[in-house]
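Asks: here you go, sequence then predicted model.
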Amino acid sequence: MLKLLIPSAYGSHHVTPAIRFRSTPVKSLLFKQLTLLTGWNRSSYELGRRSFSSELDSDTKSSETTTVSTKPHLDDCLTVIALPLPHKPLIPGFYMPIYVKDPKVLAALQESRRQQAPYAGAFLFKDDASTDSSSSSETENILEKLKGKELLNRIHEVGTLAQISSIQGEQVILIGHRRLRITEMVSEDPLTVKVDHLKDKPYDKDDDVLKATYYQVMSTLRDVLKTTSLWRDQVRTYTQACSLHIWYCLRIQNMSEYQYLSEFNYPKLADFGAGISGANKHQNQGVLEELDVHKRLELTLELVKKEVEINKIQESIAKAVEEKFSGDRRRIILKEQINAIKKELGVETDNKSALSEKFRGRIDPIKDKIPQHVLKVIEEELKKLQLLETSSSEYDVTYNYLDWLTVLPWGNFSDENFDVIRAQKILDEDHYGLSDVKERILEFIAVGRLRGTSQGKIICLSGPPGVGKTSIGRSIARALDRKFFRFSVGGLSDVAEIKGHRRTYIGAMPGKMVQCLKNVGTENPLVLIDEIDKLGVRCHDGDPASAMLELLDPEQNANFLDHYLNVTIDLSKVLFVCTSNVTDTIPSPLLDRMEVITLSGYITDEKMHIARDYLVKTARRDCGIKPEQVDVSDAALLSLIENYCREAGVRNLQKQIEKVFRKIALKLVREGASAQVPAISDDVTTDTEDTKSVAKTDLESPETSAEGSAVLTDELATGDSKESATEPSVEVAETVEKFMIDDSNLSDYVGKPVFQAEKIYEQTPVGVVMGLAWTSMGGSTLYIETTFVEEGEGKGGLHITGRLGDVMKESAEIAHTVARRIMLEKEPENKFFVNSKLHLHVPAGATPKDGPSAGCTMITSLLSLALKKPVRKDLAMTGEVTLTGRILAIGGVKEKTIAARRSEVKVIIFPEANRRDFDELAENVKEGLEVHFVDEYDQIFELAFGYDH
Ligand SMILES: Nc1ncnc2c1ncn2[C@@H]1O[C@H](COP(=O)(O)OP(=O)(O)OP(=O)(O)O)[C@@H](O)[C@H]1O
C-alpha cells in the first residue's frame, strides 16, 4: 500500500539545505555517476526538480514555484479530518493511495483542497480485539460502517499529517508529512479531530552508537538491493519517487564520497527503511510511534534485516522448487514454503494464490483467443506476483496491471447485424427526417454486408448542436447490434486520457479505449467520440491529435499501444463515429481519414414533426403523465419553435417541452392526482415509437475536471438495449380534467417568448439589405446597414462598425470599391461615393461576425444608398465578391435557406457555384422560394433594383 514519495526526491524533505554539491567538479562527477546508475540526465534532474518542488513539505520549502498552496503553514494544521487507513500507517515521506467511499468525507476533502488547505490526518485502523487480524476486505467493510466516536475508538492515536495530493473519483492520494497525535474530537461526521504535532526527541548526531546504527541500516538496505532484483526494481521504479539522496547513498561504493554526501539524516533514513520494507502494519505503526531516533533506527534495522533474510530464502526456495516441479504444482509449493518461513519470522503472510487463481480463472477459458504476446506478459506477471510482498508498492502495481490485462474481452465479438431493412426501421424509429443521413448509414451497412465486415471506416457526423448526432450514433449501434460507448474529447489536451499513464505513475490508469473495452466486454463496439473538433492543443506531454490518429487510423489501430497496458491491442474491429459542430477545426490528418456526414439543422416543419412524434411523447412518459391527461396543440408547438427555440437543433425545444410537462406533473399532483411509484404492470401500454436505448454509465466524476484535466463524459449502452417504454400508472382523481396546452396559455408554462422576430424591417429602407449568415449554431439572417455621414469635395470614405473580423472588414472595403466602380459605369456624373463619407454597420453590435459571404450584400446596400432606392421587398442574398465583381461560392446553403424561410424571405440570391447544393435540398426546404443563381454582380443589380412596385 505504501508508495514512495516523489516530491522528496529533490526536496528538503529528505535532503536538507545543508546537503548541496559544494564544488563544480564534484558536482559533475556525482551527476555522471547518477546518470550511470539511474539512467537520469541533467534535464530529467531539472524537470524532476521543478515538478517535485510543487509538493514539498511547505515548512522547509525554498522559494521555488509551487502549485500546492503553502497556506496554511503546516504548523497551523491543528484540526484535521481523520482518515482511517485499513492496511498500513502512512510513513512520512511516502505516497499512499486510499479509497474514500463516504461521499461526505470525500466532499470535505475536496472542500479543504478548494480552501487551499489540502491536509488531513491519516491514522491506522486498529484490528478487532476479538479476532487475531481481520482480512482486508472485512476491515474495509467495517470501516465503511463506522462513524464518529466509534471510528475514533478504532483508530490509532498516533498518525500522520497527510497532504491531499489528488482526488480522482474515490481515489485519494496522500503524501505523508509529519507525526500527529489526536487530542480530542471536534465533530463526528466526517470525523474531525484536534491534533498535536509530534517532534523527534533531541539526539546527538555525533554519537558513535547512533552513527553505527545508521551505517548498519544503510549497508543492510544495500544488501537487500543486491539480493533481490524485485526489490531493486521497486526502488528504481520509485527512484524519482523516493529520496534520490538516500538512493544514491545506497548505491555508491566509494566511502569518501559517501561521507561527503551523507548528512546523517537519521530520522529520515529510519522512515525510509521502514516504509520500503515489507513490514506488517503493527511494525510500521511501531516505527511511526517511536519518537526516539536511535530506537527508531534500531526498529528499522530489525525490519530490513528480516527483509534480507526473507529475500535470500525466497530466492533459494524459488530456485530449488523450479528445479524439482513444474507449472501449478511448482507455484503452490513455492507459496507454501515461503508462507511457512514468513510465519516463523513473524512476518505477515498473504493469500496471493487466491488472487492468482482469480486471474487464471479469467484467462484459462479464453487462452486460445488471447494473443500470444499478451499471454506471455500475463504469465510473467503472475509469476512476479507470487514473489512480491503484498505490502510492497510493486505488488499493487502488478496486481492492478494483471487485473486490467485479464479483464479485457480478448477475442469476444458481438455478432454484427447487417440487415438493412431492420436498420432502416430502427433509424426511423429513433429519428424523424434526416433521410440523406440515414441513406448514407444504410449504404455503409450494405457495404458491410457484402464485405462481411464494417471495419476500416471512421464516420464523422457534423452539424450544429442538438440535431441528433449523438443519438443517431446510438441508433447506428443498435442497428448493427454493436455495444455502444461514448466519450467526449472536447478540450482534452492530456494524451494520457487517450493512451493511458505509464504504469509507474502513481494512480496510473489505462486510456479511454482500454476502459471502453473493459466496460463493453466486446472487441467490436461502436465508439462515439464526441466533439472531435474541440480537441485540445498540443502540450508538453504530447499531441492529442496524433494520439487520436493512432487510435482512429485503420492502418495503425490494429496495433494500438496503450502506455499502461504496454502490449499492443487490436482496435481495428471497433467502429468509430465522431461528432463535430464544424469540420475546419478537425486536425487535417484526422479529417482526411473520415467520412463526413453533414446534419444541417431542421426547418420549422421538421421540428414540428420531431416535437409531436418524439419529444412530446418522451417528455410525457419521463414525467409519468398519461396521454389522456394532457393535450399539446400544434399551435403551442409552433409557438414554442418560432418564439422560444430558434436554434438549428432541437435540444432547447426538448428542454422547453420537458418544462411544460414538469409543470403539468406538479399541477396534477397538487390537484389531487396521486402519483404512484411507476409500476411495470401487465396493464401498462407499451409505446414502441418512444423506444430508445438509454443505458448509461458515467465513468468520470466531475472531479477529474477539477484536477485540471479535460472533463470527459462517458456513457455505455448496449446497442440493442431497449428501455421498456412503459407508461407509469398514475391514478387520476375523477375531478382532474385534461390539461390543454395551447398558444394562448403557453406562456403560463414557459414564460414570455424569448425571441422577437428576426425581421426588423417590413420593407427594408434605403441603404439596408438582408444578408444570410452561417455559424456552427446554424443559419441566421442579418442586415447590412449603410448611411451617409457627411459630404465634401474628395471626402469619400467608409467607416465600419459591428464587431467585424478582418475578413469581413476587407470585404466591406472591396464592396466600397466595387460599388464606386459600378456607380461610375452606370451614372458617371454621380459623385456620391467620391464626396460622401459613409458608415457601414452590421447589427447586432455585440455579436462578433466574420467571413467574406456578405460581400454582395454590402455592395447592394451601398448602391441602394447611392441610388436612394430601397431594394426589392423580401429579398435576401449571400455571396463573396471579387474586385472585378465576380460572385464566388459560399458555405451553409441549407442553413441559410432555413434561416431565410424563418424570416419570411421570398426571394434569395445565391452564387451560381452553389446551385448544386441548393438542388440537393429536400423539397420541403425549397418550397415557396424564388431563388436566383448569379455569377456576376451585375445580375444582382438587376434583381435588387430592376423592379417596379
Ligand atoms: N431527427 C430527430 N428525431 C427525433 N429526435 C431527435 C432528432 N434530432 C434530434 N433529436 C433529439 O434531440 C436531442 C438532442 O440530440 P443529440 O444530443 O443527439 O444532439 P447532438 O447533435 O449530439 O448535439 P451536440 O452537438 O450538442 O452534442 C436528443 O434527445 C435527440 O433524440
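Replies: Okay, I see it.
Asks: looking at this structure, which strand is longest?
Replies: Longest strand of the chain, by residue count under DSSP state E: strand 171-187.
Asks: partner strands of that strand and their direction?
Replies: Paired neighbours of strand 171-187 in the sheet (DSSP bridges): strand 94-99 (antiparallel), strand 158-168 (antiparallel), strand 192-197 (antiparallel).
Asks: can you pull the buried residues of that strand?
Replies: Neighbour counts using 16 or more other C-beta atoms under 10 Å place 172-182 of strand 171-187 among the buried residues. (C-beta placed from N, C-alpha, C; glycine too.)
Asks: residue in this structure nearest to the ligand?
Replies: When scored by C-beta to the nearest ligand atom, the chain has residue 468 as its residue closest to the ligand, at 2.7 Å.
Asks: doesn't residue 780 belong to a strand?
Replies: Yes - with the criterion set as DSSP: H, G, I helix; E, B strand; the rest coil, the secondary structure at residue 780 is a strand.
Asks: was I right about it contacting residue 773?
Replies: Yes - Residue 780 sits in contact with residue 773 when judged by C-beta atoms under 8 Å, with a separation of 5.2 Å.
Asks: need the overlap of contacts for those two.
Replies: Overlap of the contact sets of residue 780 and residue 773 (by C-beta atoms under 8 Å, 6 or more residues apart in numbering) consists of residue 899.
Asks: pLDDT of stretch 903-916, averaged?
Replies: When the per-residue pLDDT values of stretch 903-916 are averaged, the result is 90.
Asks: just the residues contacting that stretch, thanks.
Replies: When contacts are taken as C-beta under 8 Å, 6+ apart, the neighbours of stretch 903-916 outside the stretch itself are 757-759, 770, 772, 781, 856, 872-880, 887-890, 893, 896-897, 900, 918, 928-935, 940, 943-944.
Asks: and that stretch, which residues are buried?
Replies: So for stretch 903-916, counting by 16+ other C-beta under 10 Å, buried means 903, 905, 907-914.
Asks: Throw those into CSV and include secondary structure, thanks.
Replies: Putting these into CSV (three-state DSSP) gives the following:
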residue, secondary structure
903, coil
905, coil
907, strand
908, strand
909, strand
910, strand
911, strand
912, helix
913, helix
914, helix
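Asks: looking at the residues you listed, spot the one nearest residue 197.
Replies: Taking C-beta to C-beta as the measure, residue 197 sits nearest to residue 903 out of the buried residues of stretch 903-916, at 71.2 Å.
Asks: in the stretch 51-200 of the chain, what residue spans correspond to helices?
Replies: Using DSSP state H, counting those that start in this stretch, the helices of the stretch 51-200 of the chain run over residues 103-114, 136-145, 148-153.
Asks: any idea which of the ones you listed is most buried?
Replies: For the helices of the stretch 51-200 of the chain, the stretch with the most neighbours on average is helix 103-114, a mean of 16; neighbours defined as mean count of other C-beta atoms under 10 Å.
Asks: around the ligand, which positions in this protein sit nearby?
Replies: Taking C-beta under 6 Å from any ligand atom as the test, the list of the chain residues beside the ligand reads 431-434, 465-471, 530, 579, 581, 610, 614, 649-651, 654.
Asks: sticking with residue 865, tell me its helix or strand.
Replies: Residue 865 belongs to helix 855-867 when assigned by DSSP states H and E.
Asks: repeat for residue 621
Replies: Here residue 621 is covered by helix 616-622, with elements defined by DSSP H and E.
Asks: who does that helix touch, helix- and strand-wise?
Replies: helix 651-670 (3 or more C-beta pairs under 8 Å, 6 or more residues apart in numbering; DSSP states H and E).
Asks: now the helix it packs on: buried residues?
Replies: 651-654, 656-661, 663-665, 668.
Asks: what's the answer for stretch 780-800, then?
Replies: Along stretch 780-800, these residues count as buried under the neighbour rule (16+ other C-beta under 10 Å): 780-786, 796, 798, 800.
Asks: using JSON lines, lay out the residues you listed together with pLDDT.
Replies: Formatted as JSON lines, the buried residues of stretch 780-800 follow (pLDDT from 0 to 100):
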{"residue": "780", "pLDDT": "82"}
{"residue": "781", "pLDDT": "86"}
{"residue": "782", "pLDDT": "88"}
{"residue": "783", "pLDDT": "91"}
{"residue": "784", "pLDDT": "91"}
{"residue": "785", "pLDDT": "92"}
{"residue": "786", "pLDDT": "92"}
{"residue": "796", "pLDDT": "80"}
{"residue": "798", "pLDDT": "88"}
{"residue": "800", "pLDDT": "89"}
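Asks: just checking, which of the residues you listed belong to strands?
Replies: Residues from the buried residues of stretch 780-800 lying in strands, with DSSP E as the criterion: 780-786, 798, 800.
Asks: in those residues, find the pair that's most separated.
Replies: Maximum pairwise distance among these (C-beta to C-beta): 24.4 Å, between 780 and 798.
Asks: circling back: which of the helices of the stretch 51-200 of the chain has the lowest average pLDDT?
Replies: Looking at these, the lowest mean pLDDT belongs to helix 136-145 (a mean of 64).
Asks: show me what the helix holding residue 865 is packed up against.
Replies: The contact analysis (3+ C-beta pairs under 8 Å, 6+ apart) places helix 855-867 against strand 768-775, strand 778-791, helix 806-826, helix 832-835, strand 836-841, strand 875-877, strand 880-881, helix 937-945.
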